[in-house]
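>>> 3D model of this:
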Amino acid sequence: MKDEFARLIEAVFPGPWGLKKNNQFLMGTLRRGRKLVEGEYTFLYRGRMDGDAEKKLRAVLRAYSVCEEHQRNSVALAKITDVVVKLSSSVGWKETLKVLLRTIKSLISGKFFAIFLVNRREGTIYSILSLGYEKKERELLHLKIGKGLVGWVIDHGKPLNIRDVRKEARYFEIRRETRSELVVPIKVGKRIIGAINVEDTRVGSYTEREVKLLEAFASIAGVVIERARLYRSLLEHRLTLKELEVARRIQSHFLPKKMPRFKGFRLYGRTIPARLVGGDYFNFFRRGRDAVLFVLADVSGKGIPAALLTSFLHSAMVILREEPLLALASHLNHLLYSQTEPNQFVTGIVGEVNREGVVNYVNFGHNYPIFVREGKAELVEGSDLVLGINPDYQYTLRKLELPRDSALYLYTDGAVEERCGEEEFGVENLQGVILKNWRQPSRVLRDLLGEMNRRCGRERNDDITLLGVVRAGD
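Purely as a prediction, here's the structure:
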């Protein structure tokens, strides 16, 4: 990548030049000279530069920054995938956590790393794995709940990114040379079971990108630890370990328990499992103050394989949630193709709604959304290839506008393909149910289940997931 950008720079500025990022020399020949600063980059040159050349150089540097970020995300997702693959093997949970911690070290700058668990019965927090600490220091990685930055994170369930611990009253010193520290909670559903901690000797080592990355690894750690706990509990009580029971617990960790608040809109999502587990997934992610990212997907397969693929999808969404929609879909598609079996794929829709009611989305082989406005519930046609089949497929960005007093509903196969005698429940019946109570998504789901019970009986062959974006009237 550097060679291509070097040629672009030389086409704009033919004289001697150099490029630094945060005082680290990247490319070129000139190490001193006049400076042009663009974000984290400093362009060094001699002589004069006209306004047109400066404008073009700034554009090149911004493009280089975007490409660097994409490269880092691709590396991070590939390594996350490796850890997820470990979950499906016979590797023990401690060995998997060791791989996870070493992977974190390879992606996040730092000197000291640790995974903590909480023992609420004893009121203590203790480290089960660490890197970089000396033996005497490891003995100090045993705290009371609420003590230190790790204790605060476990107590409050929120991440902490401290630029300089010397200015932080909550800091509990273990390494005198530590300056910056990043801590994120490990969650299983609503429960906080531990935390992951990273320390560095430099001030301000961590950005929002590192916070998101560590949160993705924390979600995987939660799966590993919970699976080990369930397995140990089942052995202790001499119960049979059933694949679907464990998979259901794994999958449920990635579904949101509360919907984000977004002024002027009602956001809703819920999954009704048919068996103990299927492959349905949905989520919402805030994109600043003025937009929300939403995703609904149906993963191929059932049981543990589907749950693990769901965990991969969730981790990827956490990492890529700030990406443009087409780039996000392309990254997901390429990763699924390269890291999964040929018979594994994902259908779904990923989109973004802003405060003006503009919805941009990508439909990768999924059921058409239902758009409610002016007393009608209409299908929004248009779809692309499912994820994981063709790594080079070019996806389409689609757009619609939600006026006030309208709604958009997404759904999985279970909402329309349930067999009712010799016929399916069907999209037309779903449209009818939605139209009756479209302003209240929870009532839509209630009425849908009631209508299915009446027409098809109470047994379900597939999960039902409904996601609604309702824009209020004036």
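
>>> low-scoring stretches of the stretch 1-150 of the chain, by residue?
1, 67, 70-93 (pLDDT under 70).

>>> kindly recompute the last result at 50.
88, 90-91 (pLDDT under 50).

>>> quick one, helices of this protein?
Along the chain, counting by DSSP state H, helices occupy 2-12, 51-87, 93-107, 135-138, 148-156, 208-236, 243-252, 303-320, 325-339, 427-436, 441-456.

>>> and residue 41, bridged to which residues?
Beta-bridge partners recorded for residue 41 (DSSP bridges): residue 21, residue 38.

>>> number of residues surrounding it?
20 (other CB atoms under 10 Å). Quick note: C-beta positions are derived from backbone N, CA and C, even for glycine.

>>> same question, residue 183
So residue 183, with other CB under 10 Å, has 26 neighbours.

>>> do the one 10 residues further on as well
Counted with other CB under 10 Å, the neighbours of residue 193 add up to 19.

>>> same question for residue 286.
13.

>>> same question, residue 446
The burial count for residue 446: 13, using other CB under 10 Å.

>>> what's the pLDDT at residue 316?
Looking at residue 316, its pLDDT is 86.

>>> measure it to residue 216 for me?
Taking CB to CB, to the nearest Å as the measure, residue 316 falls 8 Å from residue 216.

>>> how about residue 294?
18 Å.

>>> and residue 126, by the same measure?
24 Å.

>>> again, but for residue 308
From residue 308 to residue 216 the distance is 15 Å (CB to CB).

>>> also residue 447?
37 Å.

>>> likewise residue 181?
Where residue 216 is concerned, residue 181 sits at a distance of 19 Å (CB to CB).

>>> residue 155 now?
22 Å.

>>> with neighbour numbers in mind, choose between those two.
residue 216 (23 against 15).

>>> isn't the more buried one right up against residue 311?
No - using CB atoms under 8 Å, residue 216 is not in contact with residue 311, being 10.1 Å away.

>>> any residues in contact with both of those two?
Here residue 216 and residue 311 share no contacting residue, scored by CB atoms under 8 Å, 6 or more residues apart in numbering.

>>> how many neighbours does the closest residue to residue 221 other than its chain neighbours have?
Distance criterion CB to CB, 6 or more residues apart in numbering; nearest residue to residue 221, sequence neighbours excluded, is residue 186 at 5.1 Å. Neighbour count for residue 186, taken as other CB under 10 Å: 27.

>>> begin at 8, not 1, for the rest of this chat.
In the new numbering, first residue 8, that becomes residue 193.

>>> contacting residues for residue 193?
122, 124, 199, 200, 201, 202, 203, 225, 228, 229, 232.

>>> and the residues you listed, which two are the farthest apart?
122 and 199 (13.6 Å; CB to CB).

>>> can you spell out the domain ranges of this protein, please?
9-78, 97-243, 266-478 (automatic domain parsing).

>>> quote the end-to-end distance of stretch 166-184.
One end of stretch 166-184 to the other measures 22 Å (CA to CA, to the nearest Å).

>>> what residues sit buried inside it?
For stretch 166-184, burial by neighbour count (16 or more other CB atoms under 10 Å) applies to 166, 167, 168, 169, 172, 178, 181, 182.

>>> surely the second one is in contact with residue 188?
Put plainly, it is residue 167. Yes - between residue 167 and residue 188 there is a contact under CB under 8 Å: 7.4 Å.

>>> between the two, which contacts overlap?
residue 156.

>>> show me where the stretch 208-357 of the chain dips below the pLDDT cut-off.
243-248, 283.

>>> swap in 70 and give it another go.
Using pLDDT under 70, the stretch 208-357 of the chain drops low at 235-261, 282-285, 308-312, 314.

>>> contacts only, for residue 162.
Contacts of residue 162 by CB under 8 Å, 6+ apart are 152, 153.

>>> distance-wise, check it relative to residue 59.
56 Å.

>>> residue 415 against residue 380, yeah?
No - counting by CB under 8 Å, residue 415 stays clear of residue 380, with 9.5 Å between them.

>>> which of the two has more residues huddled nearby?
Legend: neighbour count by other CB under 10 Å for residue 415 and residue 380, higher for residue 415 (25 against 18).

>>> show me what the nearest residue to that one once chain neighbours are set aside bridges to in the sheet.
Leaving aside its sequence neighbours, residue 415 sits nearest to residue 476 (CB to CB, 6+ apart; 4.7 Å). On the basis of DSSP bridges, residue 476 is bridged to residue 274, residue 415.

>>> quick one, grab the pLDDT at residue 476.
So residue 476 comes in at 97 (pLDDT).

>>> tell me the contacts of it?
272, 273, 274, 301, 360, 366, 409, 414, 415, 416.

>>> and it, how close does it get to residue 411?
Taking CB to CB, one finds residue 476 at 13 Å from residue 411.

>>> same question for residue 162.
Applying CB to CB to residue 162 and residue 411 gives a distance of 42 Å.

>>> what do you get for residue 288?
The value you get for residue 288 to residue 411, if CB to CB is used, is 30 Å.

>>> who's more crowded, the two?
Shown here are residue 288 and residue 411; by other CB under 10 Å, residue 288 has more neighbours (28 against 11).

>>> verify the stated contact: the more buried one with residue 321.
Yes - under the criterion of CB under 8 Å, residue 288 makes contact with residue 321 at 6.7 Å.

>>> which residues does residue 377 contact?
So residue 377 contacts 384, 385, 386, 387, 415, 416, 417, 418, 437, 438, 441 (CB under 8 Å, 6+ apart).

>>> mind putting those residues into TSV with pLDDT and distance to residue 43?
Output for those, formatted as TSV (pLDDT from 0 to 100; distance: CB to CB, whole Å):
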residue	pLDDT	distance to residue 43
384	95	55
385	95	52
386	95	52
387	95	46
415	97	45
416	97	50
417	97	46
418	96	51
437	95	57
438	96	57
441	96	55
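
>>> out of the residues you listed, which are buried?
In these, the ones that pass as buried (16+ other CB under 10 Å) are 384, 415, 416, 417, 418, 437, 438, 441.

>>> pLDDT wise, what is residue 436 at?
Residue 436 is given a pLDDT of 93.
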